[in-house]
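> Fold the following, please.
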Amino acid sequence: MSATLSPPPKLLTAEEYLALPDDGRITELVKGVIVEMPSPTPSHGYVCLNFGSTFRDYVRQHDLGRVVANDSGVVTERGPDTTRGPDVAFYSYDRVPRGPLPDGYWPAPELVVEVRSPSDRTSQVMAKVGEYLAAGVRVVLVAWPEQTTIMAYSEEFFNRSFGPGEDLTLPELFPEFRVPVRSLFE
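From the prediction side, this is the model:
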């Protein structure tokens, strides 16, 4: 009796992945393969909404661009393709012009926020940070709810940490932006 090897799965492109029907699962495309993600907890969603609404309010007040949430896809790698779903992302009008929202994937955003879930391994989070930066994201924020801490990563600086008693500032993107870190977690 001989063993039969099944062919490797067909790797999807980002466009093929985008065209799939919504089956209700939370997924990302990683190197052409669909990877299922665990469902977020209500506390995760709460912190994501705090970040999203804080940035959206600031961006709207200063007429800077658009803020998206809810795991909106960002293509971070091609050949094979990887599409990540950040918790929050900011696109300036330079990257996504005013007017009707474009179909498909947009270019890389200037800012990505990832709120760490208890199921996330640090190595996985840091791999995403590297992918986002390589794709052209200017600043990646990783929120650590257990420590009430935010880490900021950029090609322009190694990394910065913002603790619960500090204000989050992002002079690279928003010169006047300042918000107490604690308020993003409460």
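
> Number of residues surrounding residue 30?
Applying other Cβ atoms under 10 Å, we find 18 residues neighbouring residue 30. Bear in mind the C-beta positions are built from the backbone N, C-alpha and C, glycine included.

> The nearest residue to it once chain neighbours are set aside: neighbour count?
Leaving aside its sequence neighbours, residue 30 sits nearest to residue 82 (Cβ to Cβ, 6 or more residues apart in numbering; 5.3 Å). Neighbourhood size, residue 82 [other Cβ under 10 Å]: 23.

> Report the beta-bridge partners for residue 82.
Counting by DSSP bridges, residue 82 is bridged to residue 77.

> same thing with residue 180?
Beta bridges link residue 180 to residue 167 when assigned by DSSP bridges.

> related to what we said a few turns ago, does the residue nearest to residue 30 really touch residue 31, like I thought?
Yes. In this structure residue 82 lies within contact range of residue 31 using Cβ atoms under 8 Å: 5.8 Å.

> Break down this protein into its helices, ranges please.
In the chain, the segments counted as helices under DSSP state H are 14-19, 42-61, 122-135, 181-185.

> Sort out which residues of the longest one are buried, please.
For helix 42-61, the buried set under the neighbour-count rule, 16 or more other Cβ atoms under 10 Å, comprises 44, 47, 48, 49, 50, 51, 52, 54, 55, 56, 58, 59.

> so who does the residue most central in space within the chain touch?
Centroid-nearest residue in the chain: residue 86, 2.0 Å away (criterion: Cα atoms, centre = their mean). Neighbouring residues of residue 86 by Cβ atoms under 8 Å, 6 or more residues apart in numbering: 71, 72, 74, 109, 112, 113, 114, 132.

> close enough to count as contact, residue 83 and residue 104?
No. Using Cβ under 8 Å, residue 83 is not in contact with residue 104; the gap is 11.2 Å.

> Look at the two and report which has more neighbours.
Shown here are residue 83 and residue 104; by other Cβ under 10 Å, residue 83 has more neighbours (23 against 10).

> Let me see the contact set for that one.
If you count contacts by Cβ under 8 Å, 6+ apart, then residue 83 has 14, 17, 18, 28, 29, 73, 74, 75, 76, 105 around it.

> what pairs with the nearest residue to it once chain neighbours are set aside across the strands?
In space, residue 83 comes closest to residue 29 once its chain neighbours are excluded; the distance is 4.1 Å by Cβ to Cβ, 6+ apart. Here residue 29 sits in beta bridges with residue 34, residue 83, going by DSSP bridges.
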